[in-house]
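Novice: Provided below for reference: sequence and predicted model.
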Amino acid sequence: MINDVMYRFKKVNVWGFLKNNSAFASVALLFIFASIRYKDSFFTYSYIGNLFRQVSMIGLVAIGMTFVILAGAIDLSVGSTVAVAAVTTAYFSNINIFLALTVPIVLGVIIGIINGFIVSKLEIPPFIATLAMMMCLRGLIYIFTGISTVSVNDNAIPILFMGRGYILSYIPFPALIFIAVTIIVIFVSKMTSFGRNVYAVGGNEEASIMMGLNANRTKIICYMINGGLAALAGIILAGRLGAGQPVSGEGWEMDAIAATAIGGALLTGGVGNFSGTFFGVLIIGLINSIINLQGNLNSYWQKIIMGGLLLFVIMLQYFTGRKKINKI
Amino acid sequence: MGRVLSKKEQGSHNNFDAFHFLQKYGSLLLFFTLIIANVLFTNNFLKLSSLWNMLLQVFPVMLISMGITLVIATGGIDISVGSTMALVSMVVTKLIIQQNMSIAPAIVIAITIGLSYGMFNGFFISKFKIQPIIVTLILMIAGRGIAQVLNNGVIISFYNNDFANLGVYRIGGVVPVQTVIMLIVITATYFIVSKTVLGVYIEAVGDNKNAAVLSGINEVLTIIFVYVFCSLLVGVASVFETSRLCSADPNNIGKLIELDCIAAVAVGGTKMTGGKSKVIGTVIGALIMQLITTTINMNNIQYEFSLVIKSLLIVSVLYIQKEKGRR
């Protein structure tokens, strides 16, 4: 009996836990640090709620990106997709609320299908294909809007609510969307055959094809989800700002990729999970808040700290036994 | 090759295979088409001044693309070049304008500091076997942050001093100095790739890392070399761009230039998976990208159209060239 208990204690392996949950551990550390250091200015409902609201948009993009990265591809066009969705939402908010909420999502999904088609059927390297899509979309938005901001109609309450609203007067609506989407994708990735297919295709595409999986279809669906989620982020952004800006979303693709990598996913595909990405997004948000609360650091330090953290996480993975995977 | 040709293959030698031709010379054909179209339809295109302007504009992309060609040939990628550009630009301007250092040592120091980014990339990629895109992503994010922190993100401008004259210096009053540097760099890169053992090492590492290591190639040094070489070229490009623009803008200089360069390399026919480097192809790729921008600008078309056209072009060129490896 005692031996049994002792055995269980031995199994509590701190190093092993850190290895698998470095993103979660970092979030916990940063959260505790911020709570102690800044006390009441950080540890309040409104501040933490705002933090979640801020990260929710980049979070949705990062979750979509995780799908694509798990399938062994990458998507640089999400930033432009966000802008397309934001501008479309703002444009349709003056015409019809229902269209304003659906058209951007449909557009995002179509963009995803095109990306997936170019990558899987035309076999153009994902990095280049989505880079082209990024440039193309940005150019098209600039042409159609004349690089001027489109404002959201003040009567379009549902859209504004998407960005600014509260549920139960405490929980910001975007945060709720972000958390709900995270839970759904964790379920999809673990419990559905599609979720397992994504890992299989990303891990070894040829093997997965030989096992009879339709790798192309899996990839296209990943890009579709990614496009749809980026569009959702665009709608929230338009609601939050009360306007659709053609320049919005620039550089988001890199933040999303960084969040995914901090969350423990390998950019070669097949390894990673969505809870990791969730915490990776929170880390970026927490670092931003800490820098804001500190006050005497300018915002450029955020980039340096984020880069340092990314390096730290990668090295942690290396030294805790991910060498073999990295070598392939 | 001592291979016996099948009847079908022999037959195809006699017929003109349009698709095959397009695959092989597609980018060259496009290049000349663009030039001829411009000669016919664009006013003032045939003037010498527009040639110099074009070469001045393509200068940074051309130089960095040379470095990235080698990086991609080893199977890597470098998306940190924009940040390296920002760092070198900041350091050189700070040294010359704020510390009153003379130009030559300041440029040398700044470029040397820029090399540290290349060292960082090469070291982590080769020693720790971390994916190139992650390592260079780290520097892409943090590297620009460092450049911005140096002067709190404020642009430093300067006029009428020797450094400002460097970027607009014309040899014999005619040829921009950048043109000569561009020629030297292209020749040097071509020489490295085709005439030295290092070139063989670079392609061997990109083709099959394990085989390269087993045959005694120092993979670590080879990879470090390509990234340092890339950052060296970025440093040179950055110094001249800063001097030509008369300002060091840490927020915007070199932003998204990595994408232009990678596109130029891809259009030039270098495979993204590594193992082959096509220096001359990259030169043509970079020139095509610039020609499109110039065409759009000189014909008074909105700049944004060039983004759309470039993106469609990249996809179609890659699609046509893709089949080549398979046959």
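Specialist: Happy to help now that I have it.

Novice: how near is A:Val106 to chain B?
Specialist: Taking CB to the nearest CB, to the nearest Å as the measure, A:Val106 falls 21 Å from chain B. Where C-beta positions appear, they are placed from N, C-alpha and C, glycine not excepted.

Novice: what are the buried residues along stretch A:249-262?
Specialist: Neighbour counts using 16 or more other CB atoms under 10 Å in any protein chain shown place A:249-250, A:252-262 of stretch A:249-262 among the buried residues.

Novice: show me what contacts the residue of chain B found nearest chain A?
Specialist: As assessed by CB to the nearest CB, chain A sits closest to B:Ala142 within chain B, at 2.4 Å. Contact analysis of B:Ala142 by CB atoms under 8 Å, 6 or more residues apart in numbering or on different chains lists A:Lys303, A:Ile304, A:Met306, A:Gly307, A:Gly308, A:Leu310, A:Leu311, B:Ser83.

Novice: give me the nearest residue to it, chain neighbours excluded.
Specialist: Nearest residue to B:Ala142 in three dimensions, chain neighbours excluded: A:Gly307, at 2.4 Å (CB to CB, 6 or more residues apart in numbering or on different chains).

Novice: tell me which residues touch the one you found, please.
Specialist: Shown in contact with A:Gly307 (CB under 8 Å, 6+ apart): B:Ile138, B:Leu139, B:Ile141, B:Ala142, B:Gly143, B:Gly145.

Novice: list the contacts of the second one.
Specialist: Read that as B:Leu139. Neighbouring residues of B:Leu139 by CB under 8 Å, 6+ apart: A:Gly307, B:Ser80, B:Ser83, B:Thr84, B:Tyr117, B:Phe120, B:Asn121.

Novice: that one is in what secondary structure piece?
Specialist: helix B:132-150 (DSSP states H and E).

Novice: gap between the helix or strand following that helix and the chain center?
Specialist: Counting by DSSP H and E, the next helix or strand C-terminal to helix B:132-150 is strand B:156-157. Put simply, strand B:156-157 sits 26 Å off its chain's centre (CA atoms, centre = their mean, to the nearest Å).

Novice: who are the packing partners of strand B:156-157?
Specialist: On a contact count with 3 or more CB pairs under 8 Å, 6 or more residues apart in numbering or on different chains; DSSP states H and E, strand B:156-157 meets strand B:247-248.

Novice: packing partners of the strand it packs on?
Specialist: Using 3+ CB pairs under 8 Å, 6+ apart, strand B:247-248 is in contact with helix B:81-93, strand B:156-157.

Novice: go through the buried residues of stretch A:249-262 and flag which are in helices.
Specialist: Counting by DSSP state H, those place A:Trp252, A:Glu253, A:Met254, A:Asp255, A:Ala256, A:Ile257, A:Ala258, A:Ala259, A:Thr260, A:Ala261, A:Ile262 in helices.

Novice: dump the residues you listed into a markdown table; add pLDDT and distance to B:Thr93 as well.
Specialist: A markdown table is the format used below for these (pLDDT from 0 to 100; distance: CB to CB, whole Å):
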| residue | pLDDT | distance to B:Thr93 |
| --- | --- | --- |
| A:Trp252 | 89 | 30 |
| A:Glu253 | 88 | 29 |
| A:Met254 | 86 | 26 |
| A:Asp255 | 88 | 28 |
| A:Ala256 | 92 | 32 |
| A:Ile257 | 90 | 31 |
| A:Ala258 | 88 | 28 |
| A:Ala259 | 90 | 33 |
| A:Thr260 | 91 | 35 |
| A:Ala261 | 87 | 32 |
| A:Ile262 | 86 | 33 |
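
Novice: which of these come close to chain B?
Specialist: Of the residues in those, proximity to chain B by CB under 8 Å from any CB of the partner chain holds for A:Met254, A:Ile257, A:Ala258, A:Ala261.

Novice: quick one: contacts for B:Ile146?
Specialist: So B:Ile146 contacts A:Ile304, B:Ser83, B:Leu87 (CB under 8 Å, 6+ apart).

Novice: and which of those residues is nearest A:Gly203?
Specialist: Closest to A:Gly203 out of those is B:Ser83 (31.7 Å), distances taken as CB to CB.

Novice: okay but that closest one is in contact with B:Gln148, surely?
Specialist: No. With contact defined as CB atoms under 8 Å, B:Ser83 does not reach B:Gln148; the gap is 9.7 Å.

Novice: which one of these two has more residues nearby?
Specialist: For B:Ser83 and B:Gln148, the more surrounded residue by other CB atoms under 10 Å in any protein chain shown is B:Ser83, and the numbers stand at 31 against 24.

Novice: so who does the residue lying closest to the more buried one once chain neighbours are set aside touch?
Specialist: Leaving out its chain neighbours, the residue that sits closest to B:Ser83 by CB to CB, 6+ apart is B:Gly143, at 3.1 Å. Residues near B:Gly143 by CB under 8 Å, 6+ apart: A:Gly307, B:Ser80, B:Ser83, B:Thr84, B:Ala86, B:Leu87, B:Tyr117.

Novice: need the residues you listed in JSON lines with distance to B:Met298 and pLDDT, can you?
Specialist: Formatted as JSON lines, the contacts of B:Gly143 follow (distance: CB to CB, whole Å; pLDDT from 0 to 100):
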{"residue": "A:Gly307", "distance to B:Met298": "40", "pLDDT": "88"}
{"residue": "B:Ser80", "distance to B:Met298": "33", "pLDDT": "93"}
{"residue": "B:Ser83", "distance to B:Met298": "31", "pLDDT": "94"}
{"residue": "B:Thr84", "distance to B:Met298": "31", "pLDDT": "95"}
{"residue": "B:Ala86", "distance to B:Met298": "29", "pLDDT": "95"}
{"residue": "B:Leu87", "distance to B:Met298": "33", "pLDDT": "95"}
{"residue": "B:Tyr117", "distance to B:Met298": "35", "pLDDT": "94"}
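
Novice: so which of those wins on neighbours?
Specialist: Greatest neighbour count in the contacts of B:Gly143, by other CB under 10 Å, goes to B:Thr84: 37 neighbours.

Novice: still on that earlier bit, of the contacts of B:Ala142, which belong to helices?
Specialist: Members of the contacts of B:Ala142 lying in helices (criterion: DSSP H): A:Lys303, A:Ile304, A:Met306, A:Gly307, A:Gly308, A:Leu310, A:Leu311, B:Ser83.

Novice: of those residues, which is the nearest to B:Gly26?
Specialist: For the ones in helices among the contacts of B:Ala142, the nearest to B:Gly26 is B:Ser83 (32.8 Å; CB to CB).

Novice: measure that closest one to A:Cys136 for me?
Specialist: Per CB to CB, to the nearest Å, B:Ser83 is found 25 Å from A:Cys136.

Novice: so where's the chain shaky on pLDDT?
Specialist: As the question left the chain open, I've gone with chain A. Within chain A, the segments meeting pLDDT under 70 span A:1-20, A:320-328.

Novice: my question was about chain B
Specialist: Within chain B, the set of residues satisfying pLDDT under 70 comprises B:1-16, B:323-327.

Novice: which residues touch the nearest residue to B:Tyr169 once chain neighbours are set aside?
Specialist: Nearest non-adjacent residue to B:Tyr169, counting by CB to CB, 6+ apart: B:Val177, 4.7 Å away. Counting by CB under 8 Å, 6+ apart, B:Val177 touches B:Leu166, B:Tyr169, B:Arg170, B:Ile171, B:Phe240.
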